[in-house]
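# Here is a sequence with its predicted model. Questions after.
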Amino acid sequence: MTRLNQPIRAAGRPREHVREHARHWRAADGIDLFEADYKRFTFPKHSHDYYAFGTILNGAEKFLTRGTTHIARRGQLLLMNPMQVHDGGPASDDGYHYQIMFIAPQIFADLIDEISPKSKGLPFFSQHVIDDPVLHLQLQKLHRLFLPETRHLTSNLERDSQLLYGAARLALRHADAPPFEFHPGAEDRRIRKVIDYMMAHQDENISLETLAALTGLSRFHLLRVFSHATGLPPHTYLNHMRLRRAKRMLFDGHSIAETAAATGFSDQSHLNRHFKTMWGVSPGVFIANMR
């Protein structure tokens, strides 16, 4: 794995001190993540057997594919289909700082099948540079959620949900033949079962797959129905449920460590961060104020 602070020399250029940084890590089976801050580095013509969805964080990248030159600038996204030949290099004096999510075609197909079981075949993207501020932020968040050093601070439920939301927005808004979009209907009655399960298993790292199995819905179908019924995605609803329980436990005299363990937070600092976001004070200040 290439570390983010490991220098990389651009091929074919003279040796000189250039700060080139790159890092590559595995998020899950069939999903890899990549972040790089290149000043002069250029890629030769190549292709990936995965889809590649990139977010430009700073600068601009220029690439040639299918006989056309494209420039993706800060705030824009770049989309590349599997086995599509392209090159890449800087298009500004600042170089280009970007993040890429690589998804295996079968994994992406499985995600799309959950979004729309009626869809046929793999999505194809003929537009390779797009403006979508919401998706740009969403893909950045996915990278943060799957960082190896901080992924323990987020739940399986949140990571799965955000991955499905990202895949849905990519396919529904930007594929050449968008899949059929599901609209929630009478399935809302199943949400009570999901809420009851989360209430009874707050201290566990619940997966979206587990919740979907309770209802007989696909994971994406459940996300849409749950959000339609409650106004919140499942991972946010569960987090608020845990924080309300944490406040009650602190009121009842439990320690911060006991409260964190009982409410499913990985440690005290994890509870502290979410508690302060919700209630405006840390658990320690909350206890002190009661005294």
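That came in fine, so what should we check first?
# Assess the claim that residue 223 and residue 162 are in contact.
No: if you go by CB atoms under 8 Å, residue 223 and residue 162 don't touch, sitting 10.0 Å apart. From N, CA and C alone the C-beta is placed, and that goes for glycine too.
# more crowded one of those two?
Neighbours per residue (other CB atoms under 10 Å) separate residue 223 from residue 162, with residue 223 holding more: 26 against 20.
# What helix or strand is that one located in?
Residue 223 belongs to helix 219-230 when elements are defined using DSSP states H and E.
# in that helix, what's buried?
Neighbour counts over helix 219-230 (16 or more other CB atoms under 10 Å) mark 219, 220, 221, 222, 223, 224, 225, 226, 227, 229 as buried.
# Just the pLDDT at the last one, thanks.
Okay, so that is residue 229. We note a pLDDT of 81 for residue 229 in this prediction.
# Distance-wise, check it relative to residue 199.
For residue 229, the distance to residue 199 (CB to CB, to the nearest Å) stands at 16 Å.
# Same check on residue 251?
18 Å.
# likewise residue 216?
For residue 216, the distance to residue 199 - CB to CB - is 20 Å.
# now do residue 84
47 Å.
# So for those two, which residue has more residues nearby?
Applying other CB under 10 Å to residue 84 and residue 199 shows that residue 84 carries more neighbours, namely 17 against 11.
# so the more buried one sits in a strand?
No: using DSSP: H, G, I helix; E, B strand; the rest coil, the assignment for residue 84 is coil, not a strand.
# That one touches residue 49, doesn't it?
No: judged on CB under 8 Å, residue 84 makes no contact with residue 49 at a distance of 10.5 Å.
# Quick one: mean pLDDT for stretch 203-223?
89.
# what's next to that stretch, contact-wise?
Contact partners of stretch 203-223, identified using CB atoms under 8 Å, 6 or more residues apart in numbering, comprise 111, 113-115, 117, 155-157, 160-161, 164-165, 168, 182, 187, 190, 193-194, 197-198, 225, 233-234, 238, 261-264.
# ok, now stretch 258-276?
Residues outside stretch 258-276 that contact it (CB under 8 Å, 6+ apart): 152-153, 155, 202-205, 239, 242-243, 245-247, 249-250, 254, 256-257, 281-284, 286.
# I would like a PyMOL command selecting only the buried ones among the residues you listed, please.
In PyMOL, a selection of the buried entries from the contacts of stretch 258-276 looks like this (16+ other CB under 10 Å):
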select buried, resi 153+155+202+239+242+243+245+246+247+249+250+254+256+282+283+286
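# mind listing the helices for the stretch 51-200 of the chain?
For the stretch 51-200 of the chain, the helices defined by DSSP state H, counting those that start in this stretch occupy 105-115, 133-145, 156-174, 191-200.
# Among those, show me which one is buried the most.
Counting by mean count of other CB atoms under 10 Å, helix 156-174 has the highest mean neighbour count of the helices of the stretch 51-200 of the chain, with a mean of 20.
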